[in-house]
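*Asks:* can you look at this prediction? I've put the sequence above it.
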Amino acid sequence: MLGRPRVGTVQAFDDQRGLGTVVDDDGRSFDFHCTAIVDGSRTIEVGTRVSFVTAPGHLGRVEGRRLSPLG
């Protein structure tokens, strides 16, 4: 089940592993995988403002999904 839409900033992204972290405007941190980037690029710059949703991940933790750069 997807959570409510959120806005945040990409805090970290490792191109080699395809893993990153996004922090919402309330300060909550969520991990994400490169396949969650909606434009299909599989890469995103640290500091990019994004809209995203959250959902339970494969390891039982809530993760970021549907990351879409703003602006």
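*Replies:* Good, I have the coordinates.
*Asks:* and Thr48, how many neighbours does it have?
*Replies:* Neighbour count of Thr48, defined by other Cβ atoms under 10 Å: 17. Heads up, the C-betas are built off the backbone N, CA and C, glycines and all.
*Asks:* residue contacts, it?
*Replies:* Thr9, Val10, Pro69 (Cβ atoms under 8 Å, 6 or more residues apart in numbering).
*Asks:* how far away is it from Gln11?
*Replies:* 10 Å (Cβ to Cβ, to the nearest Å).
*Asks:* now swap in Pro56 and tell me
*Replies:* Taken as Cβ to Cβ, the span from Pro56 to Gln11 is 21 Å.
*Asks:* equivalent analysis for Gly20, please.
*Replies:* According to Cβ to Cβ, Gly20 and Gln11 sit 8 Å apart.
*Asks:* of these two, who's got more company?
*Replies:* Neighbour tally, Gly20 and Gln11, criterion other Cβ under 10 Å: the higher count belongs to Gly20, 24 against 13.
*Asks:* surely Asp25 touches Gly8?
*Replies:* Yes: counting by Cβ atoms under 8 Å, Asp25 sits close enough to Gly8 to count as a contact (6.0 Å).
*Asks:* the more surrounded of the two?
*Replies:* Using other Cβ under 10 Å as the criterion, Asp25 and Gly8 rank with Gly8 on top: 23 against 10.
*Asks:* wasn't that one part of a strand?
*Replies:* Yes: counting by DSSP: H, G, I helix; E, B strand; the rest coil, Gly8 is found in a strand.
*Asks:* list the residues that contact it.
*Replies:* Contacts of Gly8 (Cβ under 8 Å, 6+ apart): Val22, Val23, Asp24, Asp25, Phe30, Arg49, Val50, Phe52.
*Asks:* likewise Thr9?
*Replies:* Val22, Val23, Gly47, Thr48, Arg49, Val50.
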